[in-house]
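K.L.:
Sharing a sequence plus its predicted fold:
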Amino acid sequence: MNPLLDLHPDVAAALGSGRPVVALESTIISHGMPWPQNAETALAVEAEVRKHGAVPATCAIVDGRLKAGLSSDEIERLGRAGPQVAKVSRRDIPVVVARAGTGATTVAATMLIAGMAGIRVFATGGIGGVHRGAERSFDISADLQELARTPVAVVCAGAKAILDLRLTLEYLETHGVPVIGYRTDRLPAFYSVDSAFGVDVRLDTPEEVARVMKAKWDLAMGGGLVIANPIPLEHALPRDVVDRAIDQALADAQAQGIAGKAVTPFLLERVNALTGGDSLAGNIQLVLNNARLAASVAVAYEGLAGR
Ligand code: PSU
Ligand code: MN
């Protein structure tokens, strides 16, 4: 085990005895939702993972240590700090570690920690992707590169339409990342159950998903997979409401000259503010839904023969 990585005792025990573990990210806590719903949701997501037979490992960097598994106090600290805490993607990790700093990890950085710990399944809300206008801004989330290189399956509700979903799928194809639709033929768009774009393959059970993961890694192909799990229909938001909020948020970002790593948190915050409580409620429900599926996939993966 890497000397800079701490496993929570529950996580260490599970990994040591081949029991299922699900990684969870922390930027969704600090930058993805407001306090106190962020910490409440993070704890509820952990409980949901446990209820479905796996051990949760919320990842972050605390006082310069990589963490796979946090205490409730640490989760609450990240929730209270909100955007004051550093948003840590792959490139930020060395600096935060060297300075003994604390940071919330994005999908990319969480995958990296999960990969180091030997955790193969990860649940989040939405992944980062290719931003609209990327042909000029070059703004492509490091999440996509991480999916190309690190062997972790990421269960998400697709990606928010703040991104260019078509270009995001093209990028994932180029980099050899399978995009699996869980009980759907279309890529979910976070608040919406689908988008105009198809997934590579539809799978209908956690066992089928686990077999594809195992095949990929048995072939020593490395890299991750996207398991796209639609928001439960009853929690989906009306598309026109979401589209209007996103258009406004993008215009605001442009007008204020928001750039770099601030773009995604800015857009998330604006969309949350413009859609009010409905979008937050939907967001919470889709993360819980992803936690359930991720736990089932982790259980199925550990149950495969030859593991
Ligand atoms: N999309 C969401 N919610 C989120 C994020 C993205 O709908 O919380 C967060 C995740 O942590 C993701 C990160 O990894 O934003 C991507 O940031 P960037 O685009 O700067 O790579
Ligand atoms: Mn970016």
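P.N.:
Happy to help now that I have it. Ligands and ions are numbered 1, 2, ... in the order given.
K.L.:
quick one: contacts for residue 148?
P.N.:
Counting by CB atoms under 8 Å, 6 or more residues apart in numbering, residue 148 touches 175, 176, 177, 223, 224. To be clear about C-beta, it is placed using only N, CA and C from the backbone, and glycine gets the same treatment.
K.L.:
Look at it and give its secondary structure.
P.N.:
helix (DSSP: H, G, I helix; E, B strand; the rest coil).
K.L.:
Alongside ligand 1, which residues does the stretch 101-250 of the chain contribute?
P.N.:
106, 107, 125, 126, 128, 141, 142, 143, 160, 190 (CB under 6 Å from any ligand atom).
K.L.:
ok, the first one touching residue 125?
P.N.:
No: between residue 106 and residue 125 there is no contact under CB atoms under 8 Å: 11.8 Å.
K.L.:
Please identify the helix or strand for residue 254.
P.N.:
Counting by DSSP states H and E, the element that carries residue 254 is helix 239-255.
K.L.:
rewinding a little: between the contacts of residue 148, which has the most around it?
P.N.:
Neighbour counts for those (other CB atoms under 10 Å) peak at residue 224, which has 30 neighbours.
K.L.:
wait, what's in contact with that residue?
P.N.:
With CB under 8 Å, 6+ apart, residue 224 has these contacts: 111, 146, 147, 148, 149, 150, 151, 152, 153, 154, 177.
K.L.:
switch to 10 Å and redo it
P.N.:
Residue 224 makes contacts with 107, 111, 114-115, 120, 122, 127, 143-144, 146-154, 172, 175-178, 213, 216, as judged by CB atoms under 10 Å, 6 or more residues apart in numbering.
K.L.:
list the buried ones in the one helix or strand residue 288 maps to?
P.N.:
Secondary structure assignment for residue 288, by DSSP H and E: helix 277-303. Within helix 277-303, the residues scored as buried using 16 or more other CB atoms under 10 Å are 279-280, 282-302.
K.L.:
likewise stretch 201-208?
P.N.:
Buried residues in stretch 201-208 (16+ other CB under 10 Å): 203, 206, 208.
K.L.:
Please verify my assumption that the first one contacts residue 226.
P.N.:
Right, the one you point to is residue 203. No: taking CB atoms under 10 Å as the definition, residue 203 is not a contact partner of residue 226, at 11.9 Å.
K.L.:
the helices in the stretch 151-300 of the chain, which residues?
P.N.:
165-174, 206-218, 239-255, 263-275, 277-303 (DSSP state H, counting those that start in this stretch).
K.L.:
Distance from the fourth one to the middle of the chain?
P.N.:
Its chain's average C-alpha position is 17 Å from that of helix 263-275, according to CA atoms, centre = their mean, to the nearest Å.
K.L.:
and that helix with helix 277-303, angle?
P.N.:
Put simply, helix 263-275 runs at 130 degrees to helix 277-303, going by axes from the mean of the first three to the mean of the last three CA atoms, to 10 degrees.
K.L.:
cool, the shortest one as well?
P.N.:
Regarding helix 165-174 and helix 277-303, their directions subtend 20 degrees when assessed with the same axes, to 10 degrees.
K.L.:
Kindly export stretch 90-103 (C-alpha atoms) in CSV.
P.N.:
Coordinates of each C-alpha in stretch 90-103 appear next as CSV, following Å, rounded to 0.1, in the frame of the first residue of the first chain:
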residue,chain,number,x,y,z
ARG,A,90,-5.3,14.8,-10.6
ARG,A,91,-2.9,17.7,-11.2
ASP,A,92,-3.6,19.3,-7.8
ILE,A,93,-2.7,16.2,-5.7
PRO,A,94,1.0,16.6,-5.5
VAL,A,95,0.7,20.2,-4.3
VAL,A,96,-1.9,19.5,-1.7
VAL,A,97,0.1,16.5,-0.3
ALA,A,98,3.4,18.5,-0.2
ARG,A,99,1.7,21.3,1.7
ALA,A,100,-0.1,18.9,4.0
GLY,A,101,-3.3,20.4,2.8
THR,A,102,-6.9,19.3,2.8
GLY,A,103,-9.0,19.0,-0.4
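K.L.:
buried set for that stretch?
P.N.:
90, 92, 93, 96, 97, 101, 102, 103.
K.L.:
Among those, which pair sits farthest apart?
P.N.:
Maximum pairwise distance in the buried residues of stretch 90-103, criterion CB to CB, is 17.1 Å, between 90 and 102.
K.L.:
All set now, cheers.
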